[in-house]
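Engineer: Predicted model and sequence below, questions to follow.
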Amino acid sequence: MIVIDELSSFKSWSAKRFKALLKVRPKVARIVGLTGTPSSNGLMDLWAEYRLLDFGERLGRYITRFRLKYFEPDKRSATVIFSYKLLPGAEEEIYEAISDITISMKAKDYLKMPDLIINEVEVNLDNNERKTYETLRQEMVVQISEQEEIDAVNAASLSGKLLQMANGAVYDEDKRVLKIHDKKLDALEDLIEQANGKPVLIAYWFKHDLERIKERFHVREILNDEDIRDWNNGLIEVAVMHPASAGHGLNLQSGGSTMIWFGLTWSLELYEQANARLYRQGQKETVVIHHIITKGTIDEDVMAALKRKEKTQSALIEAVKARLT
């Protein structure tokens, strides 16, 4: 028997780990997958997960046929399809197809969970900063100074540059950090002061975010068991973590109940897993999760995307929710 914790880590059908497990899957008599984020990027994620569970009995043996049956092209160029959208009625069909081997149990329904407060803290760029941001967004290139220029080679690069700029700094082509503004750092300082000595956990995304946070505040990274132990013992007032490295499996609920997102991620899985480091069983205080959002920037798009993805995932979980007595 195999029990897969975090089944969502096998959602990519082209990943080596998926192919490796699929190769030995016929030798396994029983398999169970556990995850709190089964469809963090949409229902397309489900195919690889269920291919491992039932050999493709419910959602098909091939990703191409799964896409053809339930999806249609959405955003595309003349020759390349960038994304897919569900066909009418496909969502309900997928839920029905997997319902007999899927059970959903929400922690808040079965465990004593703390209250949760989600907060968005808006910051505003001044006119010059806004002009720099908008120039890059519209023209994919902007002159920062006589010697410094930022350019984006494609849409994906532009998205990353705009996220960096919203946070306050951006890498040039030589990986030098060019400072744009300190608005998020100022907001972060206010939130730390509002905590009035209570521990806060800061989530960052780019390396230059961490560097600038360290320059401004006395912080400690959550990197190893000693850091986790000291945090949970209340010895760290301001801690920082990267969602991709500390998002899964860490129990940090004993050390604090306030989390601040300095920089956002498009990944619902990393976002929810990071929040779950504090918002989990054993947390004795109300959990407050702040998001520092630069108004009128891509930050607002990321927050909207996370809410859309969460809605899709919640619909899936609700559709297969356990009705136990």
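Structural biologist: The structure has been received and is ready for your questions.
Engineer: make it CA atoms for all contacts and neighbour counts henceforth
Structural biologist: Fine.
Engineer: Where is the longest helix in this structure?
Structural biologist: helix 298-319 (DSSP state H).
Engineer: how about the strands in the stretch 1-150 of the chain?
Structural biologist: Assigned by DSSP state E, counting those that start in this stretch, the stretch 1-150 of the chain shows strands spanning 2-5, 31-34, 71-73, 84-86, 116-123, 141-143, 149-151.
Engineer: and of these, who's closest to Ala187?
Structural biologist: Nearest of the strands of the stretch 1-150 of the chain to Ala187, taken as Cα to Cα: strand 116-123 at 7.2 Å.
Engineer: Where do the helices of the stretch 201-325 of the chain begin and end?
Structural biologist: 207-216, 225-232, 243-246, 268-275, 298-319 (DSSP state H, counting those that start in this stretch).
Engineer: and those helices, which is most packed in?
Structural biologist: helix 268-275 (a mean of 22; mean count of other Cα atoms under 10 Å).
Engineer: That helix - contacts with which helices or strands?
Structural biologist: Secondary-structure packing of helix 268-275 (3 or more Cα pairs under 8 Å, 6 or more residues apart in numbering; DSSP states H and E): helix 243-246, helix 298-319.
Engineer: For the last one, give me every contacting residue.
Structural biologist: Think helix 298-319. For helix 298-319, the surrounding residues in contact (Cα atoms under 8 Å, 6 or more residues apart in numbering) are 37-43, 95, 99, 104, 159, 162-163, 166, 264-268, 293-294.
Engineer: Now for this protein, the helix or strand with the poorest mean pLDDT.
Structural biologist: Scoring the helices and strands of the chain by mean pLDDT, DSSP states H and E places helix 107-110 at the bottom, with a mean of 78.
Engineer: For that one, output the C-alpha coordinates as CSV.
Structural biologist: Provided in CSV are the C-alpha atoms of helix 107-110 (Å, rounded to 0.1, in the frame of the first residue of the first chain):
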residue,chain,number,x,y,z
ALA,A,107,-10.7,20.8,9.1
LYS,A,108,-13.1,23.4,10.4
ASP,A,109,-16.0,20.8,10.3
TYR,A,110,-14.2,18.2,12.4
